[in-house]
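Undergrad: Kindly generate the corresponding structure for this input.
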Amino acid sequence: MSGDRHFRQGSTALLAATAAALAGLASPVSAGDCEVCIKVMQDVRDSMDKADIKKKPKVEAAIGEYCKSELGPRERKICYYIDPIKRDIAQPFSTGMPVDRVCKRINQSNSEICGVKFPLKTEKLEPKDLSKLRVKQLKSILADRGVECTGCLEKDEFIKKVQDTEHLAGNDEF
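TA: Numbering: from 1, shown residues only. Have a look, this model is predicted:
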């Protein structure tokens, strides 16, 4: 009997470790994520009367009105994602849930929502700051400027190209 009890304890520990590992694999949303979604949701909340925030149809209408207004490219992309699911957003929004939690909740149904980010500000970055960026971020800066770094293999080459195209930095914000 003693061996059977040890087997159960061992399998329970293994099950707990497996669950903890799987929980770590789920894509957790870090603090820097969802920045555009949070801005859009906060703008919608700020545009509404306090009494109307509790009413789901008013929330849906406010999201629709916000998305029809003049927006930047990233805000338009978020509107593209959230327009079909306005009703799903209105529920937690109307309960007074903080906007970051609303974004994290809707990110579960569409993981691209928190993938939309504002471009990096590069005008004040020095070469030592550029070396701290990932190659993916350097490629993103170049893509925002409409520049390709053909033949670039090393990080230093990407940094040099970003520095060489600094005159295009005014276009980083669109």
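Undergrad: if you go through the protein in chain order, where are the strands?
TA: Shown for the chain, no strands are assigned by DSSP state E.
Undergrad: residue contacts, the residue nearest to the spatial centre of the chain?
TA: For the chain, the residue nearest the mean C-alpha position is residue 114 (2.4 Å; C-alpha atoms, centre = their mean). The contact partners of residue 114, taken as C-beta atoms under 8 Å, 6 or more residues apart in numbering, are 29, 33-34, 37, 103-104, 107. Where you see a C-beta, it was placed from the backbone N, CA and C, and this is true even at glycine.
Undergrad: now those in a markdown table, with pLDDT?
TA: Shown next, in a markdown table, are those (pLDDT from 0 to 100):
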| residue | pLDDT |
| --- | --- |
| 29 | 45 |
| 33 | 75 |
| 34 | 86 |
| 37 | 92 |
| 103 | 92 |
| 104 | 91 |
| 107 | 90 |
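Undergrad: The residue lying closest to residue 71 once chain neighbours are set aside and residue 44: what is the separation?
TA: Closest residue in space to residue 71, ignoring its immediate chain neighbours: residue 79 at 6.7 Å, by C-beta to C-beta, 6 or more residues apart in numbering. To residue 44, residue 79 is 10 Å away according to C-beta to C-beta, to the nearest Å.
Undergrad: again, but for residue 56
TA: From residue 56 to residue 44 the distance is 13 Å (C-beta to C-beta).
Undergrad: likewise residue 100?
TA: 14 Å.
Undergrad: okay, the two: which has more neighbours?
TA: For residue 100 versus residue 44, the count of surrounding residues by other C-beta atoms under 10 Å is larger for residue 44: 22 against 17.
Undergrad: Just the pLDDT for the more buried one.
TA: Here the pLDDT value assigned to residue 44 is 94.
Undergrad: same deal with residue 131?
TA: Reading off the model, residue 131 has pLDDT 83.
Undergrad: That one - nearest residue in space that isn't next to it in sequence?
TA: residue 159 (6.2 Å).
Undergrad: I'd like the distance between that neighbour and residue 109.
TA: 38 Å.
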